[in-house]
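Colleague: Mind folding the following:
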Amino acid sequence: MSFDLPIPTLETERLILRQPQERDLEGLIAFWGSERAQFIGGPLSRLDTWRKLTSMIGQWVIKGYGFYMLEEKSSGEVVGGLGIVDAEGWSEPELGWNLYEAAEGKGYAFEAAQKVREHAAATWGITAPISHIDAGNTRSIALAERLGATFERNGDISGHPVRIYRHAEWEVS
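Modeller: Next up, the predicted model:
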């Protein structure tokens, strides 16, 4: 079954950023069930991944913004997800991301993050989000720094210590 929410589709040179769909479940199960998810609450079971998918969709309904699925234009393959997350109990919205293994090292997360940052600032007024990053997740720390984010403080998500990086203010034109 497919549904349409008022989720804007965004495009970059190589990617389509679109709403999560039930058809994304198997790719999400592969990602969330793997060690790649170790720094962001995984690995997860199939059922918990289903809950993750419904939560991603639900945040769009509740908050009006959320996580996009990243689809490669050239192949139509989903290569990961990226967006603005604002979970219950968090101090403020976060720019978060995950990439599937085959997409690693291609600059997709950087490309999508720039587009989402621009859209979040212009549309939702989220001009300087944070990113919660596990201290051991060196690839995500490197991406955050490449995006211009700087370490701001230590934090906690559900009892798990994280480093909080602040993204520079995005100027709305």
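
Colleague: and the residue lying closest to residue 34 once chain neighbours are set aside, how many residues sit next to it?
Modeller: Residue nearest to residue 34 in three dimensions, not counting chain neighbours: residue 43, with 6.1 Å by CB to CB, 6 or more residues apart in numbering. Yep, even glycine has a C-beta here, placed from its N, CA and C like the rest. For residue 43, the tally of surrounding residues (other CB atoms under 10 Å) stands at 14.

Colleague: I'd say residue 43 and residue 29 touch.
Modeller: No - under the criterion of CB atoms under 8 Å, residue 43 lies out of contact with residue 29, with a separation of 10.2 Å.

Colleague: Quick check: residue 57 vs residue 170, distance?
Modeller: Distance of residue 57 to residue 170, given as CB to CB, to the nearest Å: 26 Å.

Colleague: again, but for residue 90
Modeller: Residue 90 is 19 Å from residue 170, by CB to CB.

Colleague: ok, the two, which is more surrounded?
Modeller: Looking at residue 90 and residue 170 with other CB under 10 Å, you find the greater number of neighbours at residue 170, namely 18 against 13.

Colleague: and that one, what is it in contact with?
Modeller: For residue 170, the contacting residues are 117, 118, 120, 121, 127, 128, by CB atoms under 8 Å, 6 or more residues apart in numbering.
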